[in-house]
Each structure stands twice: as C-alpha cells, then as structure tokens.
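Visitor: what follows is a protein structure lacking sequence information:
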C-alpha cells in the first residue's frame, strides 16, 4: 500500500487527479472512495448517474469509475451521454453482474477497462492509472487542436487562399497567376502565413491542417 501511495503521488501534480466514483451501493461507494484517497487520489462519490450529470461540466485531471447496473440510468447510458454534458473523462467500468456482450459494448464505445467486483486492488489501480494517462493525452491533443484553430482564425481571407495554394504544392509564380497578383505579393502573404501559423516548413502546415481535419484538394492534372 505504501508503494502504491508513493507511486500515485509521484505521477500527479499538486492538485492530483480526481476519481469520480458512481455506484448505487452505499457500502461500495464508501469503501472505494476511502481506498482511492488512501493511495493519494482525490475521490468524489455519486450514488446515481443523475448525480454525476448534475455535477457537470467536469474539467481537470481524472477519470470516472462507473457501476454498470444502477436504478434509473445505467452506467452504459451515462457513458453515452457524458461528452454531451461536458464530462470529457475516460471511464473504467466496475460491475458485479457483467457479461461478455456488455463488456464488448463498453470497450467498443471507448471504455478504458471493464472490471468485475470484487476487483483486485492492483488491477483496479492499473486501470485507473491507464485512464488518467489517456485523459492527459486526450487533453493535450484537444489543446493542440484548439491552438491550431486559433492560428487559422488569425489569417486574412487572402492569406487563407495562399495557404490553400501552398498546401496543394503550387509554386509562388503559379499562386500569383491563380490569384491574379504579383509574385512578390504572394511571397509576402506566404511569409505572414508561416509567421501566424508558427510554422517553419510546409510540412508543418500540412501536419497542422491534418490535425484539425482540414483537407485541400490536389491540383488537377
């Protein structure tokens, strides 16, 4: 237990990740939150799916430890609704009555793991560690995507046109002919595109646009 405590404290920031535990069994809820806090995690307890939805939106580092079968909204139904209400956290399912089709459904829809009660502590900790690492990676990806979109929004209409032409592999003189401007004007616009996009090469521009799902058609012929 002390090794687990050191491990989790070492892998988190000062605030630490939060595990949002959702289970209609009060004894499970109480024992699980106590266990998680004993190894250095923050834990919040919810006795129903609706209770977690009322807490939304949820930001920061963490994951959801979610019971499957609960009165009212099930864990699977809650999982399907989470992103729509601003809960962008990975889910580890924990159930006493799981079956293979249920676990397959959960994993296909993005669950990190599907555990059956009573669960071994080490198995549980490993699943939660994996979920928190996934959440951190997804958050970094979203932040990078948002940054690229913000840079694209800074481009003028003409700079956006030049960007499209550059990404189609056209030379400055070809772009100048296509847009009906002087080649030196294209060079100036191209320089501002590189500066605003914080790109060093055309490959950087291609990667950025791929990251945010922007595709430009290849030139004909």
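Guide: That came through fine. Note that this is a predicted model, so its numbers are computed, not measured. Numbers count the residues shown, from 1 in each chain.

Visitor: which of the residues in the longest helix along the chain are buried?
Guide: When the chain is parsed with DSSP state H, its longest helix is helix 121-153. Residues of helix 121-153 classed as buried by neighbour count (16 or more other Cβ atoms under 10 Å): 124-125, 127-129, 131-132, 135-136, 148, 151-152. All C-beta atoms are positioned from the backbone trio N, CA, C, and that covers glycine.

Visitor: for stretch 81-88, same thing?
Guide: Applying 16+ other Cβ under 10 Å to stretch 81-88 flags 82, 87 as buried.

Visitor: before we move on, what about stretch 186-195?
Guide: 186, 189-190, 192-194.

Visitor: and the closest residue to residue 175 other than its chain neighbours, how many neighbours does it have?
Guide: Computed as Cβ to Cβ, 6 or more residues apart in numbering, the closest residue to residue 175 that is not its neighbour in sequence is residue 165, at 4.3 Å. Neighbour count for residue 165, taken as other Cβ atoms under 10 Å: 22.

Visitor: show me this protein divided up by domain.
Guide: The record's domain parsing of the chain by automatic domain parsing lists 2-147, 154-211.

Visitor: lowest average pLDDT across those?
Guide: Among these, domain 2-147 carries the lowest mean pLDDT, a mean of 87.

Visitor: dump the residue contacts of the residue located most distally from the centre of the chain.
Guide: When distances to the mean C-alpha position of the chain are computed (Cα atoms, centre = their mean), the maximum falls on residue 182, with 43.8 Å. By Cβ atoms under 8 Å, 6 or more residues apart in numbering, residue 182 lies in contact with residue 176.

Visitor: break down the chain into its helices, ranges please.
Guide: Under DSSP H, the chain gives helices at 2-10, 26-38, 49-55, 75-81, 100-108, 121-153, 157-167, 172-179, 183-197, 202-211.

Visitor: redo the ones you listed as CSV? Include distance to residue 67.
Guide: As requested, the helices of the chain are exported to CSV (distance: least, Cβ to Cβ, whole Å):
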stretch, distance to residue 67
helix 2-10, 22
helix 26-38, 8
helix 49-55, 9
helix 75-81, 5
helix 100-108, 12
helix 121-153, 13
helix 157-167, 48
helix 172-179, 58
helix 183-197, 46
helix 202-211, 36
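
Visitor: those helices: which one's closest to residue 114?
Guide: helix 100-108 (4.0 Å; Cβ to Cβ).

Visitor: so for this structure, the centremost residue is which one?
Guide: By Cα atoms, centre = their mean, the chain has its centre lying nearest to residue 138, at 2.8 Å.

Visitor: how close does the closest residue to residue 149 other than its chain neighbours get to residue 44?
Guide: Leaving aside its sequence neighbours, residue 149 sits nearest to residue 212 (Cβ to Cβ, 6+ apart; 5.7 Å). Using Cβ to Cβ, to the nearest Å, residue 212 is found at 33 Å from residue 44.

Visitor: any chance of the buried residues of helix 121-153 in TSV, plus distance to residue 35?
Guide: Output for these, formatted as TSV (distance: Cβ to Cβ, whole Å):
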residue	distance to residue 35
124	8
125	9
127	13
128	11
129	14
131	16
132	16
135	20
136	22
148	41
151	44
152	46
